[in-house]
Every structure is written in C-alpha cells, then in structure tokens.
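>>> sequence-free structure coming up:
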C-alpha cells in the first residue's frame with residue numbers, strides 16, 4: 001500500500017489524538033519561551049549591564065538623570081515613576097517593570113495581556129508600569145529610552161495602555177534599534193485613535209520625559225532587580241514562577257477581591 005493510501009486510512013480518532021498532542025507540545029513551547037526569553041534578557045546582558053552600571057552609563061544618561069524630572073500626567077509615587085492602569089479602587093495591584101526592546105517582555109505581554117485587560121476592565125486589578133532601558137544599556141542605542149518617553153507622552157494624552165500594547169505588538173528584533181527613530185514611534189501612534197496629535201509629536205521629538213525615564217531606570221537598579229520583565233504581585237516576582245499561568249494569576253486576583 002502506498003504512503004498516500006495509508007494516510008487516507010487514518011481514522012478520525014487518530015487524527016484527533018495527533019491534534020491533541022500538537023496542542024500539548026505548543027503549550028510546552030509557549031511556557032519554555034517565557035522562561036527561556038526571561039533567562040536570555042537576564043543572562044545575555046548581565047555582564048555588560050554590570051559594567052555600564054559601574055561606569056554610570058555615559059554622559060547622556062548622567063545629564064538626563066540629573067536634569068528636571070518631567071513625570072507624565074497621572075503618574076504615581078516618588079518622582080511619579082509609576083504609570084497606573086485600572087481603577088484605583090481595585091483590591092489587587094500588579095507592579096510591572098518593562099523595557100519596550102526586551103523580547104522577554106513581549107513574551108510576557110503576549111501571554112498575559114488579555115487576562116490583565118479583563119481584570120483591569122472589571123475593576124479587580126490595577127497595574128503600575130515602570131519603564132526601564134535595560135537593552136539600551138546592554139546593546140547600545142536609544143530605542144528603549146525613546147519608546148519609554150513616547151509611552152509617557154501617550155500617558156499625557158490618556159492613551160498609555162493602548163500605545164503600550166501597540167509598541168509590544170510591533171517590537172523589532174532585539175538587535176534592531178528601530179524604536180530610536182521618533183518617526184517610527186509617531187507612525188505607531190497612528191494605530192491608537194486620537195493619539196497622533198501635534199502635542200504628542202512635540203513630546204516625542206523633544207524627549208520631554210527622557211529625564212523621567214532615566215530616573216525610572218535608576219530606581220530599577222537601586223531596587224536590585226535582575227532583569228525584565230520583573231512582575232511583582234503580593235511581594236513576589238511571579239514571572240520567575242514556572243508554574244504561573246494567566247489562568248492561575250486570574251484566580252489569585254479573584255481570590256484577593258473576594259477576601260476584602
């Protein structure tokens with residue numbers, strides 16, 4: 001019997017079993033990507049970041065950190081370094097430290113953002129986003145900083161969450177510093193209704209929040225975090241928990257809301 005004929009004889013049950021096995025394999029790969037990408041961001045840059053931190057980063061970074069901190073509208077905490085998303089009355093809080101050039105951050109966002117949206121929209125969760133420049137410091141360039149500044153400009157316009165998602169959806173390869181181009185960041189703003197305005201463009205092109213970005217990264221370093229994304233919930237970095245899933249996180253948030 002030919003191979004073609006053998007294939008034609010396969011039963012529906014066998015095909016179903018194969019499909020289930022493929023789904024299991026895909027899920028294992030997704031979890032491995034989350035863990036693997038996180039390790040890559042931490043280990044691949046660790047040595048370089050250590051040198052950069054020891055040598056204070058460079059003249060531009062020093063001048064930005066020393067200059068006036070222009071926090072985006074509605075930012076919270078010391079120096080206004082946290083951008084809030086969700087209702088203030090939410091019983092659960094997630095603190096996320098991210099770099100828009102970091103591939104591990106994109107993997108986290110792809111896995112968790114639907115759940116985070118669901119929980120923030122329902123008033124059960126509030127998220128505090130902190131933006132850092134880990135990849136700029138490790139690989140060179142200014143894409144992390146410029147994207148973070150643009151995201152802060154979007155916060156000024158009340159459109160941070162939507163633009164945040166667009167940046168990760170359109171993240172370039174880690175070695176491609178495409179976000180250093182202000183025109184690219186403005187082009188992506190066109191994907192968020194009402195964001196591409198003269199005020200937003202000026203904010204992006206002038207680097208209005210660059211000093212704020214530098215302060216945010218400085219706070220990340222002082223906190224002793226080892227890589228991005230650092231995702232803190234109830235005092236623990238849940239991104240380091242290999243058993244964590246969006247479903248499990250959702251249950252944790254729902255339980256927190258029931259208990260108060």
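Here it is on my side, so go on. Just so it is clear, the structure is predicted and the values come from calculations on it, not from any experiment.
>>> only C-alpha atoms for contact and neighbour calcs from this point on.
Noted.
>>> in the helix or strand hosting residue 213, what's buried?
Per DSSP states H and E, residue 213 falls inside helix 210-222. Within helix 210-222, the residues that count as buried by 16 or more other CA atoms under 10 Å are 210-220.
>>> same check on stretch 101-112?
The neighbour-count check on stretch 101-112 (16+ other CA under 10 Å) flags 101-109, 111-112 as buried.
>>> that stretch: how far from the chain's middle?
Distance of stretch 101-112 from its chain centroid, counting by CA atoms, centre = their mean, to the nearest Å, is 6 Å.
>>> what helix or strand is residue 129 on?
With DSSP H and E as criterion, residue 129 is part of strand 125-131.
>>> before we move on, what about residue 150?
Using DSSP H and E, residue 150 falls in helix 143-156.
>>> give me the angle between that helix and helix 210-222.
For helix 143-156 against helix 210-222, the angle by axes from the mean of the first three to the mean of the last three CA atoms, to 10 degrees is 120 degrees.
>>> after helix 143-156, next one along is what?
On the C-terminal side of helix 143-156, the nearest following helix or strand under DSSP H and E is helix 160-169.
>>> just to revisit the earlier point, tabulate the buried residues of stretch 101-112 in a markdown table, adding columns for pLDDT and distance to residue 243.
Formatted as a markdown table, the buried residues of stretch 101-112 follow (pLDDT from 0 to 100; distance: CA to CA, whole Å):
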| residue | pLDDT | distance to residue 243 |
| --- | --- | --- |
| 101 | 98 | 26 |
| 102 | 98 | 22 |
| 103 | 97 | 20 |
| 104 | 97 | 17 |
| 105 | 98 | 18 |
| 106 | 98 | 19 |
| 107 | 97 | 16 |
| 108 | 97 | 14 |
| 109 | 97 | 17 |
| 111 | 97 | 14 |
| 112 | 97 | 14 |
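>>> nearest to residue 152 among those?
residue 101 (15.6 Å; CA to CA).
>>> so what's that closest one up against?
Contacts for residue 101 were tallied using CA atoms under 8 Å, 6 or more residues apart in numbering; they are 135, 143-144, 171-174, 179.
>>> and with 6 Å instead?
By CA atoms under 6 Å, 6 or more residues apart in numbering, the contact list for residue 101 reads 144, 174.
>>> same deal with residue 161?
Applying CA under 6 Å, 6+ apart to residue 161 gives no contacts.
>>> what's the pLDDT at it?
As predicted, residue 161 sits at a pLDDT of 98.
>>> what's the spacing between it and residue 218?
Going from residue 161 to residue 218 by CA to CA, to the nearest Å gives 23 Å.
>>> measure how buried the closest residue to residue 154 other than its chain neighbours is and give me the count.
Using CA to CA, 6 or more residues apart in numbering and skipping the chain neighbours, the partner closest in space to residue 154 is residue 160 (4.8 Å). Neighbour count for residue 160, taken as other CA atoms under 10 Å: 22.
>>> starting at the chain centroid, how far to stretch 115-132?
Offset of stretch 115-132 from its chain centre (CA atoms, centre = their mean): 12 Å.
>>> could you list the buried residues of it?
Across stretch 115-132, burial judged by 16+ other CA under 10 Å covers 116-117, 119-120, 123-132.
>>> which of those lies closest to residue 92?
For the buried residues of stretch 115-132, the residue nearest residue 92 by CA to CA is residue 125; the value is 4.9 Å.
>>> what residues are up against that closest one?
Here residue 125 is in contact with 90, 92-93, 119 (CA under 6 Å, 6+ apart).
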